[in-house]
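# 3D model of this:
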Amino acid sequence: MAIEHLTQETFIEKVFDYKTSKEWKFEGKLPCIIDFYADWCGPCKIVSPILEELAAEYKDKITVYKINTETEQELSGAFGIRSIPSLLFIPTEGQPQMTVGALPKEAMKNKINEILLGNQR
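Okay, the predicted model is just below:
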């Protein structure tokens, strides 16, 4: 499954309606990762192919979305994005967790297994 780029509208529909809801309520079916990035960001370019691989490896288990912080400034602001890449790991139940910076693939897999799939080691 290809990585989907979200706009404010598709984010509200597929992830969380932050405009009407103060309490976190995930709208999606599968846990997801959201990559807040910008085209000019070097570390974002490192993370991108890793996320492509993970989207393929965890197909049907998780969804991977990308949000361009340049075009979706209000959305980025709603999540207090200060530096990129910022990755938001969203389980189907419970609170999302944010990581900042380019994580290596193994670290991302650990986060997916721990936060999104609930596999404790």
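
# For the residue sitting nearest the centre point of the chain, grab phi and psi.
By C-alpha atoms, centre = their mean, the chain has its centre lying nearest to Ile34, at 1.3 Å. Reported as degrees, to the nearest 10, the phi and psi values for Ile34 are phi -120, psi 120.

# ok, it touching Asn68?
No - using C-beta atoms under 8 Å, Ile34 is not in contact with Asn68, being 11.4 Å away. (C-beta placed from N, C-alpha, C; glycine too.)

# what residues are up against the residue nearest to the centre of the chain?
By C-beta atoms under 8 Å, 6 or more residues apart in numbering, the residues touching Ile34 are 6, 15, 65-67, 87-88, 90.

# who does the worst-scoring helix or strand of the chain on mean pLDDT touch, helix- and strand-wise?
Ranked by mean pLDDT, DSSP states H and E, the weakest helix or strand in the chain is helix 73-78, scoring a mean of 93. Here helix 73-78 touches helix 8-14, going by 3 or more C-beta pairs under 8 Å, 6 or more residues apart in numbering; DSSP states H and E.

# shaky segments in the chain?
Applying pLDDT under 70 to the chain flags residues 1, 120-121.

# 80 - rerun?
Along the chain, the parts satisfying pLDDT under 80 run over 1-2, 119-121.
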